[in-house]
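Colleague: Sequence and predicted structure, then a few things I'm wondering about:
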Amino acid sequence: MQAVPLNFIRGRKARVDEQPRQPKPDWLKVRAPGSENYLRLKGIMRSLGLHTVCEEANCPNIGECWHHGTATFMILGDTCTRSCGYCNVTHGRPKPPDEREPVNVASAVHAMALAHVVITSVDRDDLGDFGAAHFARTIAETYGCFAFHSGLLRNGVPGPEDDHPAHGEFPKQVAGVEAVLAGSVHGH
């Protein structure tokens, strides 16, 4: 038997008229997390036992957002009671809500000197009110850390840009939505 030489194909052949590929623009490149501010925020989150959707959903932009001091707090734990196919948050049987979490979120907001706060949550179908009371406490505590005077905090950091709370999913629970809204400063 005679050996037949094999021609290996490595990649595609360039066409004669093809232009060289241009590098991707800087705004499209995701930088690896690790800046000083990223590490500071991560330290705050860990020391207070808080969760962010950025971490739990494995967001590829976490490095850039945290570098700029932006984070989306995720309350009611890190485990969702649902299993949505599009979501990367862990699902299963969650632990009871951490009673210190509302105060810890407020502490993190103060430590991070945030002007805008985004709070979301996992779905908690295991709780009678789906977590509405916990959400309302978190909003009340978060606003409690702001001492408004002409739009400034006591330490000179601007107050929050928006007083409309983010929302959890409280299916067919008008009372749950009302409880969350009552937790906002102006009650709307």
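Modeller: Yep, that arrived. Numbering: from 1, shown residues only.

Colleague: quick one: residue 20 from residue 70, how far?
Modeller: In this view, residue 20 and residue 70 are 37 Å apart by CB to CB, to the nearest Å. Every residue, glycine included, has its C-beta placed from N, CA and C.

Colleague: next one: residue 125
Modeller: Distance check for residue 125 against residue 70: by CB to CB, it reads 29 Å.

Colleague: now residue 104
Modeller: Shown here: residue 104 relative to residue 70, a distance of 18 Å by CB to CB.

Colleague: Compare these two and say which is more crowded by neighbours.
Modeller: Neighbours were counted for residue 104 and for residue 70 using other CB atoms under 10 Å; residue 104 has more, 20 against 16.

Colleague: so where does that one fall, helix or strand?
Modeller: Using DSSP states H and E, residue 104 sits in helix 101-112.

Colleague: Buried residues, that helix. List them.
Modeller: Residues of helix 101-112 classed as buried by neighbour count (16 or more other CB atoms under 10 Å): 101-109, 112.

Colleague: cool, and stretch 132-149?
Modeller: Of the residues in stretch 132-149, those scored as buried under the neighbour-count criterion (16+ other CB under 10 Å) are 132-139, 141-143, 145-146.

Colleague: Helix, strand or coil: sort out residue 74 for me.
Modeller: Classification of residue 74 into helix, strand or coil gives strand, according to DSSP: H, G, I helix; E, B strand; the rest coil.

Colleague: for it, which residues make a bridge with it?
Modeller: Under DSSP bridges, the beta-bridge partners of residue 74 are residue 51, residue 120.

Colleague: Tell me the spacing between it and residue 140.
Modeller: Looking at residue 74 against residue 140, where the rule is CB to CB, the gap reads 18 Å.

Colleague: Looking at the buried residues of stretch 132-149, spot the one nearest residue 24.
Modeller: Looking at the buried residues of stretch 132-149 and their distance to residue 24, the nearest is residue 142, at 38.4 Å (CB to CB).

Colleague: give me phi/psi at the residue nearest to residue 77 when sequence neighbours are not counted?
Modeller: Among residues not flanking residue 77 along the chain, residue 94 sits closest, at 4.6 Å (CB to CB, 6 or more residues apart in numbering). Note on residue 94: its backbone torsions stand at phi -80, psi 160 [degrees, to the nearest 10].
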